[in-house]
Structures are given as C-alpha cells and as structure tokens.
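Enquirer: what follows is a predicted structure for the sequence shown.
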Amino acid sequence: MAFEIEYFHERVLSEVQSWPVDVLADYARLVELLAEHGPDLRLPHSRALGEGLFELRPRGRSGIGRAFYCFVIARRIVVVHAFIKKSQQTPDKELKLARKRAKELTNG
C-alpha cells in the first residue's frame, strides 16, 4: 500500500512548484519513490535528520532542492518545508523551521 503525500501549508507546495524545471522533475520522481517505499527510501534520495524529520534530496543542473518531511499516522507523509540550496551546508534557519513544523504535527 502506498503512502499519501501532503503539504504542511499551501505555501510549501507553491515553493516546490517555483523550483527550476529540472529540479522539479527530479523532485517529482523522488516523491513517487517516497510514496512507494515510505521510510525505506534512503540515500542518495532521502536522509534521516533525527527527531522524526527527513529530507528529500532532488537535484538538477540548475540547483539542488531540499524538501523536509515527516511521517504521520495512517501512512501519511507531510512535507513541512522546502527550499533551493544556495550553499553546501543546509542553513540552520531552514532546518529550525522544518523541525518546528514537524513538532507541531506530532504534538498537535
């Protein structure tokens, strides 16, 4: 049975849709894999960040995207934050926002 992908807020989906076409195409491929494999999806496509937060790692010639997600009961996956990376390291503010949203989902 496949997992259902949802977005924390409409703005998260809008951010993903604004990505460059090549990064967006890779994201679409990775989301299909995520829906099929759920928590079994691993590097290089997905990576656990701890505390129930994971990152999806789409890339293209024009850049690298990151979409943070968590698992919620009933085989649901919620994408809580997404952005295009501008540096090698993921900025702390992006990670903090994703962790805050994931905590909101799990703690109510």
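Expert: In hand now; what should we look at? Numbers count the residues shown, from 1 in each chain.
Enquirer: can we go C-alpha only for contacts and neighbour counts from here?
Expert: OK.
Enquirer: helices of this protein, start to end?
Expert: 10-17, 21-37, 92-107 (DSSP state H).
Enquirer: which elements pack onto the last one?
Expert: If you count contacts as 3 or more C-alpha pairs under 8 Å, 6 or more residues apart in numbering; DSSP states H and E, helix 92-107 packs onto strand 53-56, strand 63-72, strand 76-85.
Enquirer: any idea of the angle the last one forms with helix 10-17?
Expert: This points to strand 76-85. Interaxial angle, strand 76-85 versus helix 10-17 (axes from the mean of the first three to the mean of the last three C-alpha atoms, to 10 degrees): 50 degrees.
Enquirer: ok, and what's touching strand 76-85?
Expert: 3-9, 12, 15-16, 19, 63-72, 94, 97-98, 101-102 (C-alpha atoms under 8 Å, 6 or more residues apart in numbering).
Enquirer: which of the residues you listed are buried?
Expert: Burial by neighbour count, 16 or more other C-alpha atoms under 10 Å: within those this picks out 3-5, 7-8, 12, 16, 19, 64-71, 98, 101-102.
Enquirer: any idea how far the residue nearest to residue 69 when sequence neighbours are not counted lies from residue 62?
Expert: Closest residue to residue 69 apart from its sequence neighbours, by C-alpha to C-alpha, 6 or more residues apart in numbering: residue 79 at 4.1 Å. Distance of residue 79 to residue 62, given as C-alpha to C-alpha, to the nearest Å: 22 Å.
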